[in-house]
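*Asks:* Here is the input, now give the coordinates:
(chains A and B)
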2 protein chains.
Amino acid sequence: MPDINRRWVLAERPRGVVGREHFEWREEPVPSIGDGEFLIRNQWLSCDAAQRSWMSIDTYIPRIPLGEVMASASVGVVVESKHPSFSVGDLVSGAFGWQDFAVSDGSAFGGLVAPLKLPPGVDPATALSLFGITGLTAYFGLLDVGNPEAGDTVVVSAAAGAVGAIVCQIAKLKGCRVIGIAGGDRKCAWLRDEVGVDEAVDYKADDFPARLRAACPGGVDVFFDNVGGQVLDAVLANLASGARIALCGAVAGYSDPGAQDGIRNLTNLVLQRGTMRGFLIFDYFGRVGEAVGELAGWAGEGKINDHIDVVEGLENAPDALRRLFTGQNFGKQLVRITGPADEIAPG
Amino acid sequence: MPDINRRWVLAERPRGVVGREHFEWREEPVPSIGDGEFLIRNQWLSCDAAQRSWMSIDTYIPRIPLGEVMASASVGVVVESKHPSFSVGDLVSGAFGWQDFAVSDGSAFGGLVAPLKLPPGVDPATALSLFGITGLTAYFGLLDVGNPEAGDTVVVSAAAGAVGAIVCQIAKLKGCRVIGIAGGDRKCAWLRDEVGVDEAVDYKADDFPARLRAACPGGVDVFFDNVGGQVLDAVLANLASGARIALCGAVAGYSDPGAQDGIRNLTNLVLQRGTMRGFLIFDYFGRVGEAVGELAGWAGEGKINDHIDVVEGLENAPDALRRLFTGQNFGKQLVRITGPADEIAPG
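*Replies:* Now for the predicted structure:
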């Protein structure tokens, strides 16, 4: 066992785009465990847009206190245990934070999820993406909130992001015409070539509203929105009658609340009898088995791909998170923890 | 029969608040009827915020052509008939426009509603308010879209308007705590004293958001919105978990599209798992009997009041419509047509 626990703690609440300057690197002793506890060595960190909110405001959890370790979904391995249900060598997912080691008594960290033992042979990256919160959010947000029917036109914003890329693929599997919205030619080409959307529209183009309109001649039946702001507004201007909007997040506003201004087409919800519904994935935890079962089936048949974008090293976690807000990631952004802990860790 | 049909035709498409300058007064011969037609003498005109939209933009009907009579829901009496189903003396509701006389073959005018024979003894004003589109909009928008439960906090914008005043009363009948939003002390006092809301909040007050928050300490379960813009945004900031927003209209934006900017709290729909749904009353026409039956029952027992605000004279119709957008009406704004036609009309 190494005697150092490397950690990123929250040092400052960001106002704009999150970056390295909002965190402080600390090297502390590896914590010891008591009866009923176990020690996790973190291996993978999930980067999620929601983390930006946790840093600034109270949401479904109180905001992270300054000086506390940065919260993050993660996967690790149990390296010490005095807990009856967790044994050395178990692979566990949970919210272990931006640090090498975490102590758990089996309960939820910081109001987030409790540690979950993963079945042997599961790829930790997939556990954090397709079979994790990311895949569940895509699955229930699209199917339960968006309720698409075969032949519907489905539009997805942040389509090249983790959730968006999975939503696009599920919508295709359900027989829909899928339009992905992303920033820049490279991402649009990736959406067409790798994710398999019918059309990709670049929201950074000057004539984005016109391009979107051209891509949806019959209007938008389902919109899965991760972005909000001007992107949402452009879609609101093109609703089909009875349109459903699944509001998953509003990444445009996390770094810049002003970016949520300019919504002027809400009246179209009236004219087109549209429904806009926000959802949180926690409300679907009772139905995880259903989702993972169907997602695993599709993955096994090669019908859905898990697109993973890896940054190496705990020391680069702030940069990895920042990538979500500067539009650099293609698919699911993860951090693989390497370094001192590797040299001695089991497995 | 008089030989003059006085009419207001659309002369100019308004950009700001609608007024007399957007119409042209014409005096034309009373039209004659052919086989299968009947002549209606208009008696009452309904003033509705939607008319402002019909003047400017295509909605569920194409916008009114310039030079055509201004469209309006109305009640009149049949004064001549060569139609098998309509007889002289029948009281009819329909969309006869801003004019003394209209010819009908029984079909819908301008894509709006077809003439409907009213039961004998019905008060024409009530037929246009509590038992008309106004009451139906309040009834289905609140009960079907908003879905309030006893004990819920229900907020209503434009609460002193025609639809709002009825929504407030139905919500009270369903056991809810009702907060009405209106402009100015006089309207707020009227809401408390005449309409019977639990609290009234003045959206023109500098500290409106704080007052609204204080009035809804447990958050807003149901919001019936007629206004949009800043009022909607202030309510979005105070949603209870699982909140339902029934979007009926967005009067703030009809005269000033810029007033729909500044929506920055949509993210709360995600955090509170809220639903925002637009609706059009036309979709409920199959269930009119259900609504009128229950509304008539309440009215008969004195449990609901129809608040009517009357402007006299067809010549004042533009001013009457304008009152909706300058906040002058208390309850349902109607125009009673008087003048030349009265002198000779039957009944």
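*Asks:* CA only for contacts and neighbour counts going forward, please
*Replies:* Will do.
*Asks:* Skipping its backbone neighbours, what lies nearest A:Gly36 in space?
*Replies:* A:His83 (4.2 Å; C-alpha to C-alpha, 6 or more residues apart in numbering or on different chains).
*Asks:* Could you do A:Gly218 as well?
*Replies:* Excluding the flanking residues, the one nearest A:Gly218 by C-alpha to C-alpha, 6+ apart is A:Ala240, at 6.8 Å.
*Asks:* Kindly report the same for A:Ala71.
*Replies:* For A:Ala71, the closest residue by C-alpha to C-alpha, 6+ apart turns out to be A:Gly97, at 4.3 Å.
*Asks:* surely the one you found meets A:Val69?
*Replies:* Yes: proximity of A:Gly97 to A:Val69 meets the contact threshold set by C-alpha atoms under 8 Å, at 6.2 Å.
*Asks:* Who has more neighbours out of these two?
*Replies:* Relative neighbour count places A:Gly97 above the other of A:Gly97 and A:Val69, with 24 against 21, counting by other C-alpha atoms under 10 Å in any protein chain shown.
*Asks:* Tell me the spacing between the more buried one and chain B.
*Replies:* Here A:Gly97 is placed at a distance of 22 Å from chain B (C-alpha to the nearest C-alpha, to the nearest Å).
*Asks:* and what of A:Trp25?
*Replies:* The gap separating A:Trp25 from chain B is 31 Å, by C-alpha to the nearest C-alpha.
*Asks:* Thought A:Ala11 was touching that residue, still the case?
*Replies:* No: between A:Trp25 and A:Ala11 there is no contact, the gap being 9.3 Å when judged by C-alpha under 8 Å.
*Asks:* quick one, which of the two is more surrounded?
*Replies:* In this comparison of A:Trp25 against A:Ala11, neighbours counted by other C-alpha under 10 Å, the higher total goes to A:Ala11 at 19 against 15.
*Asks:* Let me see the contact set for that one.
*Replies:* Under the criterion of C-alpha atoms under 8 Å, 6 or more residues apart in numbering or on different chains, the neighbours of A:Ala11 are A:21-24, A:66-67.
*Asks:* CA-only coordinates of stretch A:135-151 in CSV, if you can.
*Replies:* Taking only C-alpha atoms (Å, rounded to 0.1, in the frame of the first residue of the first chain), the coordinates of stretch A:135-151 have been written out as CSV:
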residue,chain,number,x,y,z
GLY,A,135,-26.7,5.0,-20.3
LEU,A,136,-29.6,5.0,-17.9
THR,A,137,-30.2,8.8,-18.5
ALA,A,138,-30.2,8.3,-22.2
TYR,A,139,-32.5,5.2,-22.0
PHE,A,140,-35.2,6.6,-19.7
GLY,A,141,-35.0,10.2,-20.9
LEU,A,142,-35.6,9.2,-24.4
LEU,A,143,-38.0,6.3,-24.0
ASP,A,144,-39.9,7.3,-20.9
VAL,A,145,-40.0,11.1,-21.2
GLY,A,146,-39.6,11.6,-25.0
ASN,A,147,-41.7,8.6,-25.9
PRO,A,148,-40.6,8.3,-29.5
GLU,A,149,-42.5,6.3,-32.1
ALA,A,150,-41.1,4.7,-35.3
GLY,A,151,-40.9,7.4,-38.0
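*Asks:* Please point out which parts of it sit buried.
*Replies:* Judged by neighbour count using 16 or more other C-alpha atoms under 10 Å in any protein chain shown, the buried positions of stretch A:135-151 are A:135-143, A:145-148.
*Asks:* Average pLDDT for that stretch, rounded please.
*Replies:* Per-residue pLDDT values across stretch A:135-151 average out to 97.
*Asks:* what about that stretch, distance to the chain center?
*Replies:* Using C-alpha atoms, centre = their mean, to the nearest Å, we find the averaged C-alpha position of stretch A:135-151 to lie 16 Å away from the chain's own average C-alpha position.
*Asks:* Show me what it is in contact with.
*Replies:* Taking C-alpha under 8 Å, 6+ apart as the rule, stretch A:135-151 contacts A:129-130, A:154, A:163-164, A:166-167, A:170-171, A:174-177, A:221-224, A:244-246, A:248, A:277, A:279-281, A:284, A:288, A:291-292, A:295.
*Asks:* repeat that for 7 Å
*Replies:* Applying C-alpha atoms under 7 Å, 6 or more residues apart in numbering or on different chains, the set of residues contacting stretch A:135-151 from outside is A:129, A:163, A:166-167, A:174-177, A:222, A:224, A:244-246, A:277, A:281, A:291.
*Asks:* same deal with stretch A:57-69?
*Replies:* Counting by C-alpha under 7 Å, 6+ apart, the neighbours of stretch A:57-69 from elsewhere in the structure are A:7-12, A:54-56, A:97-98, A:111, B:271.
*Asks:* helix or strand for the residue nearest to A:Gly218, which one?
*Replies:* Counting by DSSP states H and E, the secondary-structure element that holds A:Ala240 is strand A:239-247.
*Asks:* tell me what that strand is packed against?
*Replies:* Applying 3 or more C-alpha pairs under 7 Å, 6 or more residues apart in numbering or on different chains; DSSP states H and E, we find strand A:239-247 packed against strand A:220-225, strand A:275-278.
*Asks:* Give me the next element, helix or strand, following the last one.
*Replies:* Put plainly, it is strand A:275-278. Taking DSSP H and E as the definition, the helix or strand that follows strand A:275-278 towards the C-terminus is helix A:288-300.
*Asks:* Now that next one: buried residues?
*Replies:* Of the residues in helix A:288-300, those with enough neighbours to count as buried (16+ other C-alpha under 10 Å) are A:288, A:291-292, A:295.
*Asks:* any chance of the residues you listed in a markdown table, plus pLDDT?
*Replies:* A markdown table is the format used below for those (pLDDT from 0 to 100):
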| residue | pLDDT |
| --- | --- |
| A:Val288 | 90 |
| A:Ala291 | 95 |
| A:Val292 | 92 |
| A:Leu295 | 95 |
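*Asks:* so which of these comes closest to B:Pro209?
*Replies:* Compare each of the buried residues of helix A:288-300 with B:Pro209 using C-alpha to C-alpha and the shortest gap goes to A:Val288, at 39.1 Å.
*Asks:* which residue packs closest to the closest one, ignoring adjacent ones?
*Replies:* Nearest residue to A:Val288, sequence neighbours excluded (C-alpha to C-alpha, 6+ apart): A:Leu136, at 7.2 Å.
*Asks:* How about the secondary structure of that neighbour?
*Replies:* For A:Leu136, the assignment made with DSSP: H, G, I helix; E, B strand; the rest coil gives helix.
*Asks:* how far does stretch A:129-149 sit from the chain's center?
*Replies:* The gap between the average C-alpha position of stretch A:129-149 and the chain average comes to 11 Å, counting by C-alpha atoms, centre = their mean.
*Asks:* Quick one: end-to-end distance for that stretch.
*Replies:* This stretch, stretch A:129-149, spans 25 Å end to end (C-alpha to C-alpha, to the nearest Å).
*Asks:* How about stretch A:75-89?
*Replies:* Across stretch A:75-89, first to last residue, C-alpha to C-alpha, it's 12 Å.
*Asks:* What are the contacting residues of it?
*Replies:* By C-alpha under 7 Å, 6+ apart, the list of residues contacting stretch A:75-89 from outside reads A:34-45, A:90-94, A:124.
*Asks:* picking that back up, tell me if the residue nearest to A:Ala71 really is in a strand.
*Replies:* No: secondary structure of A:Gly97 (three-state DSSP): coil, not part of a strand.
*Asks:* so what's it up against?
*Replies:* With contacts taken as C-alpha under 7 Å, 6+ apart, A:Gly97 has the following neighbours: A:69-73.
*Asks:* neighbouring contacts of stretch A:312-326?
*Replies:* Everything outside stretch A:312-326 that qualifies as a contact, by C-alpha under 7 Å, 6+ apart, is A:17-20, A:47, A:49, A:311, A:329, A:335-339.
*Asks:* likewise stretch A:239-248?
*Replies:* A:141, A:145-146, A:218-226, A:272-279, B:270.
*Asks:* contacting residues around the closest residue to A:Phe101 other than its chain neighbours?
*Replies:* Distances taken as C-alpha to C-alpha, 6+ apart place A:Arg41 nearest to A:Phe101, at 4.7 Å, with adjacent residues excluded. Under the criterion of C-alpha under 7 Å, 6+ apart, the contact partners of A:Arg41 comprise A:76-79, A:100-102.
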